[in-house]
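>>> Sequence below, structure please.
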Amino acid sequence: MLKQKLLNKIDTVTRYFINKEIYKPKKVWELCPNCNTEVKIPNNKRSICPECKEDILPCSMCNMDEVKCSTCPYEKNLSQM
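Have a look, this model is predicted:
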């Protein structure tokens, strides 16, 4: 009840950004680094490009201001594919 009252006081734009931060899509659009094909992939694992069969990582799920790509958990698992 209190949460709803607080949300009612927040303007629409702020509510949109709050919800966007909480909502994580199950699939994301990524560009294949090899052939530049736009592919929809799962947000939590690496995938294979349907065009060129190269690996694609869900990089758009990371905050590029806070992450180090050299420690990407998906990159480490590429050798296991």
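>>> low-scoring stretches of this protein, by residue?
Low-confidence segments of the chain (pLDDT under 70): 1-24, 76-81.
>>> ranges for the helices of it?
Secondary structure of the chain (DSSP state H): helices at 2-9, 12-22, 73-76.
>>> Would you confirm that P58 contacts Y74?
Yes. Counting by CB atoms under 8 Å, Y74 is a contact partner of P58 at 6.9 Å. Glycine gets a C-beta too; all of them are placed from N, C-alpha and C.
>>> Give the residues shared as contacts by these two.
Counting by CB atoms under 8 Å, 6 or more residues apart in numbering, the shared contacts of P58 and Y74 are K45, R46.
>>> Please enumerate the strands of the chain.
27-31, 38-42, 47-48, 55-56 (DSSP state E).
>>> As CSV, the ones you listed with mean neighbour count would be great.
Putting the strands of the chain into CSV (neighbours: other CB atoms under 10 Å) gives the following:
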stretch, mean neighbour count
strand 27-31, 15
strand 38-42, 13
strand 47-48, 16
strand 55-56, 18
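>>> can you tell which of those strands is closest to E66?
For those, proximity to E66 was assessed by CB to CB; strand 27-31 is nearest, at 17.6 Å.
>>> any idea of the angle the closest one forms with strand 38-42?
Interaxial angle of strand 27-31 relative to strand 38-42 (axes from the mean of the first three to the mean of the last three CA atoms, to 10 degrees): 140 degrees.
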